[in-house]
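Enquirer: need a structure here:
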Amino acid sequence: MIGWEAPLVNGGMMKQYDIYTTTGGTYSTKPRPAVVIQAVSFDDFDSLTVIPITTIEIESDFRIKIEPSDHNNLDKAGYIMIDKITTIKQSNIGEYIGHIDEKYVDNIKSALYKFIGI
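Expert: I've put the predicted structure just below:
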């Protein structure tokens, strides 16, 4: 298993690299899928750090393309928007969609490291 598990406000279990429907992000005017990236050691906060997913293709080192799979349950290809990392209230977490396939995790980590510069 990659990542961690943390309790959700509603009593379920959330894992790092899970995909949930979210609302309330700065760049999100509508509900959209987002990847959970927050570390488990911060699971008692009322907020959650996520990376939104879009279907709009933009050529960038900070957009990771993911294809639909049985794990992520996406309907079509999406692009994880590393350049739009955001923190939202846990109350803005919607339905569980799926989980990022392990083959994408290293690309996400690498792009995050490059984008944040630490």
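Enquirer: Assign a three-state SS to the residue nearest the centre of the chain, would you?
Expert: What sits nearest the mean C-alpha location of the chain, by C-alpha atoms, centre = their mean, is Val35, with 0.9 Å. Assigned with DSSP: H, G, I helix; E, B strand; the rest coil, Val35 falls in the strand class.
Enquirer: The closest residue in space to it that isn't next to it in sequence: neighbour count?
Expert: Nearest residue to Val35 in three dimensions, chain neighbours excluded: Ile51, at 4.7 Å (C-beta to C-beta, 6 or more residues apart in numbering). Yep, even glycine has a C-beta here, placed from its N, CA and C like the rest. Counted by other C-beta atoms under 10 Å, the residues lying close to Ile51 total 25.
Enquirer: Could you pull up the residues touching Ile51?
Expert: 34-35, 37, 80-82, 84-86, 108 (C-beta atoms under 8 Å, 6 or more residues apart in numbering).
Enquirer: Please repeat the previous calculation with a cut-off of 10 Å.
Expert: 17, 19, 25, 33-37, 62, 64, 80-86, 100, 108, 111-112 (C-beta atoms under 10 Å, 6 or more residues apart in numbering).
Enquirer: What about these, which are in helices?
Expert: Counted as lying in helices by DSSP state H, out of these, are 108, 111-112.
Enquirer: can you tell me which of these lies nearest to Ile56?
Expert: The nearest member of the ones in helices among the contacts of Ile51 to Ile56, counting by C-beta to C-beta, is Ala111 at 17.1 Å.
Enquirer: is it true that Tyr104 lies in a strand?
Expert: No: Tyr104 sits outside any strand when classified using three-state DSSP, being helix.
Enquirer: okay but it is in contact with Leu74, surely?
Expert: No: counting by C-beta atoms under 10 Å, Tyr104 sits too far from Leu74 to count as a contact (11.6 Å).
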